[in-house]
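Novice: Build the 3D model from these lines:
(2 chains)
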2 protein chains.
Amino acid sequence: MSLLKQQTYQPLTETAAIKLALSLNIFTNSAELTCKEIGDGNLNLVFHIVDEKNKKSIIIKQALPYAKVVGESWPLTLKRAKIEADALKTFGEIAPNYVPKVYYTDDVLAVTVMEDLSHLSIARTGFIKGETYPLISQHLGEFLAKTLFYTSDYGLGPGAKKARVHQFINPELCKITEDLIFTDPFYDAETNNFEAGLRGAVEGLWQDEELKLQVNILKKAFLTDSEVLLHGDLHTGSIFADNSETKVIDPEFAFYGPAGFDIAQVFANLLFQVIVNVPNRETFINHIETVWNVFEEEYTHLWEIENKEPLAKTAEFLKFNLSKFFEDAIGFAGCELIRRTIGLAHVADLDSIENEHVRLAAKQKTLELGKALIKLRKETKNLATFFETVKTVLE
Amino acid sequence: MSLLKQQTYQPLTETAAIKLALSLNIFTNSAELTCKEIGDGNLNLVFHIVDEKNKKSIIIKQALPYAKVVGESWPLTLKRAKIEADALKTFGEIAPNYVPKVYYTDDVLAVTVMEDLSHLSIARTGFIKGETYPLISQHLGEFLAKTLFYTSDYGLGPGAKKARVHQFINPELCKITEDLIFTDPFYDAETNNFEAGLRGAVEGLWQDEELKLQVNILKKAFLTDSEVLLHGDLHTGSIFADNSETKVIDPEFAFYGPAGFDIAQVFANLLFQVIVNVPNRETFINHIETVWNVFEEEYTHLWEIENKEPLAKTAEFLKFNLSKFFEDAIGFAGCELIRRTIGLAHVADLDSIENEHVRLAAKQKTLELGKALIKLRKETKNLATFFETVKTVLE
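Specialist: Sure, this is the predicted structure:
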């Protein structure tokens, strides 16, 4: 394949994308390809290439050397395409049902050619339209158990794991998370973006010394706790789904961090639906319950049969780890709830509520719940206590 | 300097070492060099090169591609010479008073040319001879504060710190620690080496499930908690001293790990003297006290004036970190006490006691103290509680 490799980066045109697709022998000779760029243009080009005749299609994703967020543009490493492709391949070996197949990568062009998932919907968008995807929580629980076990010291062995830590050092994308989740929402930062009606609540957060201490502790875990290869951005906008399938995409934030972080993003982004989607509230509570229960059961199974550290394979040490993951997940979920309400990057679950009164009330509850989860995470030993806190805040 | 670089590794002879020294322009043209290999031949060649005429001398240290321990020989990466040289340079920028100057390094030859410290003694050897080195604890406290602050996220900033994590990934040497400190002593491993008279006590450790759980938790911190650039082997055999100077050598085990680990090695190796050196017991208790107090004071100072994370610079979060370092140090010190008594690598502090009864009693106490520190580390909030435990075990 090395003949195909470019020597210098250039953004692909639709014509160049078709040329690349043809050169990869993914399509038959009789293929008649059409190509459409379907990305939002903020971070990546996304080419959807279709052979209508043979009903075959692929995606070519290419990183852009900058990020555009709310009008601003800042340079962003192209290396993230390699991180993303490496993570997709790693997750593909571990949990092939839950990520798109990767057909080809080119580090210079920052290109990944992969399975087309356009028969599925972005989970967040589906949820907002009223979908509930009955299998999504079971699938995510299994995805989390497999990726968070098999990339750990216990699944890989400490030597192989250190090679992965080396491979996935990802300073630029981690910095985005460090700033936008753990730092900016907790002081009067320029990146923050919140409605005037929330100012009182937001200033309350900024003055809450106990909250800020706990956020410092959680940020430190994000900075130092190299437990597992994280997806790093596992919100419902990074998940494709329908009623039978679930696929996790976009792991460009992947790095070695605390296992609870990925679990937290799933919890928090399901919690947005618990908060806003009153008719389906129980369904989403059940989804959260299923994510954790399936995760716990599958992780326990892998711990017992696949553990590379013989002396670590005890029920008591497993319990220690599961408790740590849960506590971390509760705290990180609190941070995600807060930053999606008042930070730079919002969620449509909240912002798309048209009635101002209802929207502001939902955002107030989100902030209150975020704060409670961060502060109460040590006492939140299980799902029952977790849901108790959710209920208390929402009622 | 690139003309001097060799293309392939070969062990130096004394003649080749002199030739290398002459090529580096460290000595004047009038130098008359003599060279003696003074290493123990287990892991490294160490050439002592002296210009008697001008009273100048240097050390050339070269890694060997194998390790010899108790008769066995196993291959060992030459990359450790680069890790060691990089760590000496890093520590040299941060704490120049406490490490040898590095004049030259060659990654292919696995060579580091450095300051000759032969006017000093190895601290462990000095202690066993009755020396107490009045300034050693103040110097080590300062060395620990500076290295453990300036290599952290708070001293470097998260981006630069991640580059260092990448630079110091050190799987082979970490594996030695993982096995010899955290694993082998806690089951009937072939590498263990203990006197018949200790068998009862040793089997007691192997059957102590609570102890083994706590050791799993400490090992996990060693595997995952990437807080700071550790020396990684900071026992009193890696420290040169006299009554006015202290120099830390041999950081080939350097990697990013939990700050408490280096503090622990210092604590534990001073504790051996507390245990065996009854006439000087108070002096060594005072040394431990000084190490921690100087560390705490200097770390607090650096935290306040050099912190790269503005929101982290609070007294409460500093307190959280210092408590964590102390708790980790107490636990890791317990592991070091145990492994030096029954594991592969012993300490002369214990083994050189000639009277069998006295020696066995000291080793029993060491095991008992190790076990207590591991189990009680969460309750051991300060030096007073720590010394209480020491006293209780030794009385």
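
Novice: drop to CA atoms for contacts and neighbour counts, all remaining ones
Specialist: Fine.

Novice: Next, residue A:229: secondary structure please.
Specialist: strand (DSSP: H, G, I helix; E, B strand; the rest coil).

Novice: That one is in contact with residue A:149, isn't it?
Specialist: No - Residue A:229 is beyond contact range of residue A:149, at 9.3 Å (criterion: C-alpha atoms under 8 Å).

Novice: Number of residues surrounding residue A:25?
Specialist: As a burial measure, residue A:25 scores 9 neighbours (other C-alpha atoms under 10 Å in any protein chain shown).

Novice: do the same with residue A:45
Specialist: Neighbour number of residue A:45 under other C-alpha under 10 Å is 21.

Novice: for it, phi and psi?
Specialist: The phi/psi pair for residue A:45 (degrees, to the nearest 10) reads phi -90, psi 140.

Novice: Which residues of chain A lie near chain B?
Specialist: A:153, A:158-159, A:162-163, A:166, A:169-172, A:175, A:183, A:213, A:216-217, A:223-227, A:311-312, A:316-317 (C-alpha under 8 Å from any C-alpha of the partner chain).

Novice: Any of those residues buried? List them.
Specialist: Taking 16 or more other C-alpha atoms under 10 Å in any protein chain shown as the criterion, what is buried in the residues of chain A next to chain B is A:153, A:158, A:162, A:166, A:169-172, A:175, A:183, A:213, A:216-217, A:223-227, A:311-312, A:317.

Novice: Narrow the residues you listed to those in strands?
Specialist: Taking DSSP state E, every one of these sits outside strands.

Novice: and the one helix or strand residue A:203 maps to, average pLDDT?
Specialist: Assigned by DSSP states H and E, residue A:203 belongs to helix A:199-206. The average pLDDT for helix A:199-206 rounds to 98.

Novice: Quick one: distance of it to the chain centre.
Specialist: 27 Å (C-alpha atoms, centre = their mean, to the nearest Å).

Novice: who touches it?
Specialist: A:186, A:187, A:188, A:211, A:212, A:342, A:364, A:367 (C-alpha atoms under 8 Å, 6 or more residues apart in numbering or on different chains).

Novice: which among those end up buried?
Specialist: A:186, A:211, A:212, A:342, A:364, A:367.

Novice: Kindly provide the distance from the nearest residue to the first one once chain neighbours are set aside to chain B.
Specialist: Counting by C-alpha to C-alpha, 6 or more residues apart in numbering or on different chains, residue A:186 lies nearest to residue A:206, which is 5.3 Å off, once chain neighbours are set aside. Computed with C-alpha to the nearest C-alpha, to the nearest Å, the distance linking residue A:206 and chain B is 11 Å.

Novice: What about residue A:243, how many residues nearby?
Specialist: If we define neighbours as other C-alpha under 10 Å, then residue A:243 has 12 of them.

Novice: Check residue A:193 too.
Specialist: If we define neighbours as other C-alpha under 10 Å, then residue A:193 has 16 of them.

Novice: Is it in a helix, a strand, or coil?
Specialist: coil.

Novice: Okay, it and chain B: tell me how far apart.
Specialist: 19 Å.

Novice: In this structure that residue contacts residue A:339, no?
Specialist: No - with contact defined as C-alpha under 8 Å, residue A:193 does not reach residue A:339; the gap is 9.4 Å.

Novice: Now residue A:373: closest residue in space, sequence neighbours ignored.
Specialist: residue A:334 is the one closest to residue A:373 (C-alpha to C-alpha, 6+ apart), at 5.1 Å.

Novice: What of residue A:274?
Specialist: Closest to residue A:274 by C-alpha to C-alpha, 6+ apart is residue A:281, at 4.7 Å.

Novice: Is it correct that that neighbour is in contact with residue A:273?
Specialist: Yes - using C-alpha under 8 Å, residue A:281 is in contact with residue A:273, at 7.0 Å.

Novice: between those two, who's got more neighbours?
Specialist: A direct count of neighbours by other C-alpha under 10 Å for residue A:281 and residue A:273 places residue A:273 higher, at 24 against 17.

Novice: in a helix, that's where the more buried one is, yeah?
Specialist: Yes - membership of residue A:273 in a helix is supported by three-state DSSP.

Novice: what separates it from residue B:254, distance-wise?
Specialist: Distance from residue A:273 to residue B:254, counting by C-alpha to C-alpha, to the nearest Å: 47 Å.

Novice: Ok, residue A:187 next?
Specialist: From residue A:187 to residue B:254 the distance is 36 Å (C-alpha to C-alpha).

Novice: and the next element down the chain from the helix or strand hosting residue A:22?
Specialist: Per DSSP H and E, residue A:22 falls inside helix A:14-23. Once the chain leaves helix A:14-23, the next helix or strand it forms, by DSSP H and E, is strand A:33-37.

Novice: Fine by me, thanks again.
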